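Q: what's the 3D shape of this:
(chains A and B)
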Amino acid sequence: NAGVTQTPKFRVLKTGQSMTLLCAQDMNHEYMYWYRQDPGMGLRLIHYSVGEGTTAKGEVPDGYNVSRLKKQNFLLGLESAAPSQTSVYFCASRDLDRSEETQYFGPGTRLLVL
Amino acid sequence: SQQGEEDPQALSIQEGENATMNCSYKTSINNLQWYRQNSGRGLVHLILIRSNEREKHRGRLRVTLDTSKKSSSLLITASRAADTASYFCAFMDSNYQLIWGAGTKLIIKP
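A: This next block holds a predicted model:
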């Protein structure tokens, strides 16, 4: 099992450019999450999904869109990147079973917006 | 903000000593989890304690939870250089979302 994978690992964008971050998990998890991590702060939830075809807003959703067309993939899109979106982005997944509430994380994507 | 608060922000100790990190929160919780992050990498789950539990052990890790004080602590005993990392607490709120603390950066000096 690869667990949770993220592509790309690193990207530099110019202000106004768009990009999509891909998260894939092979654990058949129902729940998937996108977080951003900024220096000196904990993770902040951007969007999440409780199953294929569903998405919901987290704490900091503005400027981002997501899609969950397939259960194993969760895409995070930036339509018009801004310097404030420079961050490290983490994807996570977890099982539907409430007794298994651990989240499994990908290695992260470092995004620099100039 | 509902974010958890952790202290200390940074901790530097000698190898072999014990390390204690604390986490506080403001809302009611379903459980509280601790994660570890090596520099620049993804987070790895360490231990979960449920709201009806007071103490839990896993190897050299000991977690306590005091729901009356809305606080938790993580103790790492007999620290090793490989324990150098950032440690995050995250509490699961009533909506089953994880709310994260800002982390404690732990440095173990050989």
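Q: Nearest residue to the closest residue to chain B within chain A in space, please, no chain neighbours.
A: Proximity of chain A to chain B (C-beta to the nearest C-beta) peaks at residue A:42, 3.2 Å away. From N, CA and C alone the C-beta is placed, and that goes for glycine too. Using C-beta to C-beta, 6 or more residues apart in numbering or on different chains and skipping residues adjacent in sequence, the residue nearest residue A:42 is residue B:100, 3.2 Å away.
Q: Count residues in the vicinity of residue A:94, would you?
A: The local packing of residue A:94 (other C-beta atoms under 10 Å in any protein chain shown) involves 21 other residues.
Q: hmm, back to that, enumerate every residue touching the residue nearest to residue A:42.
A: A:42-44, B:3-4, B:88-90 (C-beta atoms under 8 Å, 6 or more residues apart in numbering or on different chains).
Q: doesn't residue B:91 make contact with the residue of chain A closest to chain B?
A: No. In terms of C-beta atoms under 8 Å, residue A:42 does not count as a neighbour of residue B:91; the distance is 10.8 Å.
Q: closest point of chain B to chain A, which residue?
A: residue B:100 (3.2 Å).
Q: ok, now how distant is that residue from residue B:50?
A: 18 Å (C-beta to C-beta, to the nearest Å).
Q: Also residue A:14?
A: For residue A:14 relative to residue B:50 (C-beta to C-beta), the value is 47 Å.
Q: which one of those two has more residues nearby?
A: residue B:50 (15 against 9).
Q: Please name the nearest non-neighbouring residue to that one.
A: Nearest one to residue B:50, counting by C-beta to C-beta, 6+ apart, is residue B:31 at 4.7 Å.
Q: Enumerate the residues of chain A near chain B.
A: Contacts of chain A with chain B, taken as C-beta under 8 Å from any C-beta of the partner chain, map to A:4, A:40-45, A:48, A:58, A:88, A:90, A:92, A:98, A:101-108, A:110.
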